[in-house]
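>>> Sequence and predicted structure, then a few things I'm wondering about:
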Protein chains: 2
Amino acid sequence: MHISNETYGVEHWDAAQVSFTRIERAATVCPDLGPRTFLHAGPPIEAGELPGPTRSALIGALLLERQADTPSEAARLLDKEALTLMPGHDFNAVGPMTGIISASTPVVVATDSAGRTAFSPLSEGAGRCLRFGSHDERTIQRIRWILAEALPVINSAFQGTSLNISRIIRSALEHGDECHSRSVAATNQFLIQFLAGAVRNGVESDRLTRVFRWMNMDAQFFGTFTMAAARILADSVHGVPGSPVVTAIAANGCRVGIRVSGLGDRWFTADAPVGHTVLFSGFDPGDVLPIMGDSCVTEVVGLGALSLPASPVVAAHLGLDIDDVRQRERDMERITVTRSGRYRLPMAGFPGIPQGIDVRRVIDASIVPMINTGLVHRDPAIGQIGAGLAPIPLSVFQAAAAALVEATRSQPAR
Amino acid sequence: MHISNETYGVEHWDAAQVSFTRIERAATVCPDLGPRTFLHAGPPIEAGELPGPTRSALIGALLLERQADTPSEAARLLDKEALTLMPGHDFNAVGPMTGIISASTPVVVATDSAGRTAFSPLSEGAGRCLRFGSHDERTIQRIRWILAEALPVINSAFQGTSLNISRIIRSALEHGDECHSRSVAATNQFLIQFLAGAVRNGVESDRLTRVFRWMNMDAQFFGTFTMAAARILADSVHGVPGSPVVTAIAANGCRVGIRVSGLGDRWFTADAPVGHTVLFSGFDPGDVLPIMGDSCVTEVVGLGALSLPASPVVAAHLGLDIDDVRQRERDMERITVTRSGRYRLPMAGFPGIPQGIDVRRVIDASIVPMINTGLVHRDPAIGQIGAGLAPIPLSVFQAAAAALVEATRSQPAR
C-alpha cells in the first residue's frame, strides 16, 4: 500500500472498515495475561507510583481472578509486589481510566479487513466500575455475571453478522457524539443492532431482557468499541520511517505520554495534567487525579476533542460557546496532517474531522492537542467526579520532534 | 389551572407528559371518517383546488378503502366530487404532507395526563408513500400489511408500558434532531424501546424481525409521534380569550394558514410559499409544490425551525452556517412568549427552546416564523424532491392581529 509523504498513511483511515468480532475473556486474546499479570493504562509505571484508583482497581482484579479472598489480602499481594504490570499499549489493548485488564476481564475484540485486531474492556454498566477503581463486592459480582450471562448473549446476538464500528462512528458524529466523552448516539445504534440480532438469532427472552436492561443503563456503553477501532487505525500508521504522526496518547494518573509513528515504541512523557475541569457539585480541582487512561486514542484518530463541533452537548457542558468551538476546530486543523473525507463534522460544508496529529506542526503552531476526559477523585472510594478538557504538555512534542531530527540524521540517506 | 396573562398557558407545556397509547385504524379514533369521507392537511380546500399530490393520495385512499378497483375508477369518483373532505385540524388529527387520512389509515394515538388525545398517520416506511401522493400497488399493499402485521406487533410491544413521547423529544434535541425535518435520534430511542418491549412481551421472533426491518428503513419513523404530541400541546392553549398565541400553522399545497388561541377556529390564510429550497439533483424550484402538511405543528410548539441550533446537520443541509443559526435563534426569541425550562438547545448555557409564537410580536419585530419542511414535486408520480425552510407570510399575522383587536374591542370589559 502506498504511503503518502505528506500524510504518512493517515490517508488510508477513511477506507478502513473496523468490525466488532466478539466479546472474549481478555486472556483469550492476550495470552500474556496470567493470574497475577495485568495490563494498565498509559506509559509504563513503577509499582511505587501507582495512584490510588489504580491500586484499588488492581485489588479488584486480584479478587476477580480469585488470587485473594479479601481486599486486604489483595492489598498485601500488591505491597509485596507479587504481580506483574504491563502497559496495555504493548498488547493491542485500550484500557480507559485505570486501564486495569486481567485474564478474566470481558473485552470487546475489534478487527479490520487487513487482519489487525485490538481489544478494550466491555462496559461494566452504570455506576461503580472496576476501571474507575471500585472493587466492592457488587462490582466484582457484576463482572462475574457479565462473563456468565451477558457475554454469551452478546455473542449470540451478533452470530452470523458483523457490526461495523466505523459506520456507527461516522453516523454518531452527526448525532451529537464526539465519540470520546459522549457515545450516546452510537450506543443507541448499537442497542438497536444488538436487540434485532438477538431476536433474529432466537436468544431467550428473559436472558435478553436482563442483558438489555444492564446495557441500557450505561448511555456510553459503546465507548470502548470506538476505542478498540481507534487503536486499530492508530496501529495501522505506526512504524512509518520518519513519520511525525502521533500514534498514541495515554496517561496513567501520574505521567502522560505520546508515541510517534517514526520513533517506534519509545514514550515521550511529562507529568499528567489535570486540565480544565467541570466537576460534580461538592468537589474542587484539588480533588482531581491527573488524567489517566488510554481512551485518548480517540483523539489520536481525530475524534473527541478534535471533533468538538460534533457534540454541542459536550461543548456546552465544558462551558464552551460556539466561537470557542469553532476556534478550536481551526486550531486542530493546524496541527494535523489531513481532514477526513468520510468522517464529517455537522457544520456548514460538512468539513472532515482533522486527523493525524503531527508533532512538528504542534511545535510550529505552538498549539497542543486537547483531550476530552472523565475525571476521578484521588480517593478511589469516590470514583468519577466530573469531566474535563486537558492539554497534552508541549514538552512531549518537543522531545519527540528532537528525537525525529536525531533519527533522520542517523539514518543512511535513501 | 392558572393561565398567565403573559404566556397564555404556554408556561404549562413543560409539565405536560404526552404518551403514545396505541396504533389504531383512524376510524376507531375518528368515527366521522367513512368509506368516502377523508381528512386532509391544512386549512379548508375546495375540491377544484386540490394539488396533484393530494388528488393522487385520495385515489390511494379510495383504493385502500376498496371504494374503487383501479386508479382510474377512483379518479372518476374524485371528478364526480363523490367524496367528503374535511380538515384534519377539526378532528385532533395531524396529517403530514397531503395529510390524507382515511378510515383504515394506521394512526399513532397520543394522550396527555389531562386526557387530551391527538392522532397522526403511522410512518409507511421508506420510499414511496401515500402521504406524498403515491397510490401504486406496492404503496397500498404495504399499508394493508401494516394493518395486518405491524399494527398488532407494535401494540403488543407497548402492552403494559407507556412510551413517553415528551421525554424522547427532550432527549432528541440533544442528539441532533430538531424534531421536524429530523427525527433520527428519536427514532433510535423508539426502536430500542420497541424491541425491548416486544422481547419482554414475547412477540414471535419472525414477525418481530419483519416489522423491525420495515421500521428501521425509515430514519424518520418517529416523526408523526412527535406531531401528535405537539398537537396536544397546541390544543391545550387554544381558546384562551385574548391570547395572541398561534395554535396552528398548516398548509395544503395551495394556501397556508394559522389559527390563533383567542380567535377560535378561524383560519387566517395566504398563498402557500415555496421558500428556500434544497433539492435533489435534477430538480429546480419551479418543480416544487408550495408547502403542504400539518407537520408545522412542531414549529407551533417551538421545535423544527424554531430549534435549528439543535440540529447542526439540518442547518448544514440547508446551507446555514453557525452565525445564521444563532441569529435565527435570537430572532425566534423575539416573536415567542417564553423559553422552555425543560426542552433545551445544546448550546452554551443550554437555553430553552423558544415557545409560543405571538402574532403581535411577529408584527412588532417584523420577523415571521420559518418552518422546516419536506418538498414534493408538483407531479405526484415523482414524490419528494428535497427539503426547505419556508417563511409564513406576514399577512396572515397582520390579519390575525387585526382580528384580535376587533375581538377585544367587542368583548365586554371584565
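Noted; the coordinates are in hand.
>>> Is A:Ala230 inside a helix or a strand, and which specific one?
Element membership for A:Ala230, per DSSP states H and E: helix A:223-236.
>>> Now do that helix: which elements does it pack against?
On a contact count with 3 or more Cβ pairs under 8 Å, 6 or more residues apart in numbering or on different chains; DSSP states H and E, helix A:223-236 meets strand A:18-25, strand A:106-112, strand A:117-121, helix A:165-172, helix A:184-200, strand A:246-252, helix A:297-300. Every C-beta, even on glycine, is put in place using the N, C-alpha and C of the backbone.
>>> For the residue most central in space within chain A, list the residues it contacts.
The centroid of chain A falls nearest to A:Ser295 when counting by Cα atoms, centre = their mean (2.1 Å). Contacts of A:Ser295 were listed using Cβ atoms under 8 Å, 6 or more residues apart in numbering or on different chains, and they are A:94, A:96-97, A:180, A:223, A:227, A:373.
>>> any chance of the helices and strands packed on helix A:223-236 in CSV, plus distance to B:Gly341, mean pLDDT and mean neighbour count?
Shown next, in CSV, are the helices and strands packed on helix A:223-236 (distance: least, Cβ to Cβ, whole Å; pLDDT from 0 to 100; neighbours: other Cβ atoms under 10 Å in any protein chain shown):
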stretch, distance to B:Gly341, mean pLDDT, mean neighbour count
strand A:18-25, 40, 97, 20
strand A:106-112, 39, 98, 23
strand A:117-121, 39, 98, 27
helix A:165-172, 28, 97, 23
helix A:184-200, 22, 96, 23
strand A:246-252, 39, 98, 28
helix A:297-300, 34, 98, 29
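>>> on that earlier part again, distance check, the residue nearest to the centre of chain A against A:His377.
Using Cβ to Cβ, to the nearest Å, A:Ser295 is found at 18 Å from A:His377.
>>> Residues of the stretch 201-350 of chain A that sit close to chain B?
Residues of the stretch 201-350 of chain A lying close to chain B by Cβ under 8 Å from any Cβ of the partner chain are A:202, A:205, A:208-209, A:212, A:216, A:309, A:312-313, A:315-316, A:319-322, A:326, A:346-350.
>>> Show me where the stretch 301-414 of chain A has its helices.
For the stretch 301-414 of chain A, the helices defined by DSSP state H, counting those that start in this stretch occupy A:312-317, A:322-334, A:359-365, A:394-410.
>>> Identify the residues contacting A:Thr21.
With Cβ under 8 Å, 6+ apart, A:Thr21 has these contacts: A:109-111, A:117, A:162.
>>> let's go with 6 Å and repeat that
A:Thr21 sits next to A:109, A:111 when contact means Cβ atoms under 6 Å, 6 or more residues apart in numbering or on different chains.
>>> So what's the predicted local confidence for the nearest residue to A:Cys254 once chain neighbours are set aside?
Among residues not flanking A:Cys254 along the chain, A:Glu49 sits closest, at 5.0 Å (Cβ to Cβ, 6 or more residues apart in numbering or on different chains). In this model, A:Glu49 is scored at 90, pLDDT.
>>> if I look at A:Glu49, how far off is A:Pro71?
Where A:Pro71 is concerned, A:Glu49 sits at a distance of 21 Å (Cβ to Cβ).
>>> if you count what's nearby, which of the two comes out ahead?
A:Pro71 (17 against 12; other Cβ atoms under 10 Å in any protein chain shown).
>>> so that one makes contact with A:Ile59?
Yes - using Cβ atoms under 6 Å, A:Pro71 is in contact with A:Ile59, at 5.1 Å.
>>> Return every residue with contacts to both of these two.
A:His135.
>>> that older thread, for B:His135, which of the helices of the stretch 301-414 of chain A is the nearest?
With Cβ to Cβ, the closest approach to B:His135 among these belongs to helix A:312-317: 41.4 Å.
>>> mean confidence score for that closest one?
In the prediction, helix A:312-317 has an average pLDDT of 90.
>>> A:Met215: helix or strand, and which one exactly?
Using DSSP H and E, A:Met215 falls within helix A:205-216.
>>> sorry, back to before: doesn't the residue nearest to the centre of chain A lie inside a helix?
No - under DSSP: H, G, I helix; E, B strand; the rest coil, A:Ser295 falls outside any helix and is assigned coil.
>>> Show me the domain layout of chain A.
Here the domain parsing of chain A from automatic domain parsing is A:10-226, A:239-410.
>>> list the contacts for the residue lying closest to A:Ala61 once chain neighbours are set aside?
With sequence-adjacent residues excluded and distances taken as Cβ to Cβ, 6+ apart, A:Ala61 is closest to A:Ser102, at 4.0 Å. Listed by Cβ under 6 Å, 6+ apart, the contact partners of A:Ser102 are A:38, A:61, A:64-65.
>>> Nearest to chain B among those?
Of all those, A:Leu64 has the smallest distance to chain B: 29.0 Å, by Cβ to the nearest Cβ.
>>> The closest one: neighbouring residues, count only.
23.
>>> Let me see the contact set for it.
A:Leu64 neighbours (Cβ under 6 Å, 6+ apart): A:102, A:104, A:140, A:143.
>>> May I have the phi/psi pair for it?
With angles defined as degrees, to the nearest 10, A:Leu64 sits at phi -60, psi -40.
>>> pLDDT score for it?
So A:Leu64 comes in at 98 (pLDDT).
>>> Over to A:Arg414?
As predicted, A:Arg414 sits at a pLDDT of 48.
>>> swap in A:Ser410?
Reported pLDDT for A:Ser410: 79.
>>> Now list the buried members of the residues of the stretch 201-350 of chain A next to chain B.
Buried subset of those (neighbour count, 16 or more other Cβ atoms under 10 Å in any protein chain shown): A:205, A:208-209, A:212, A:216, A:309, A:312-313, A:315-316, A:320, A:322, A:326, A:346-348.
>>> Please report the distance of A:Gly52 from A:Leu39.
As for A:Gly52, its distance to A:Leu39 is 19 Å (criterion: Cβ to Cβ).
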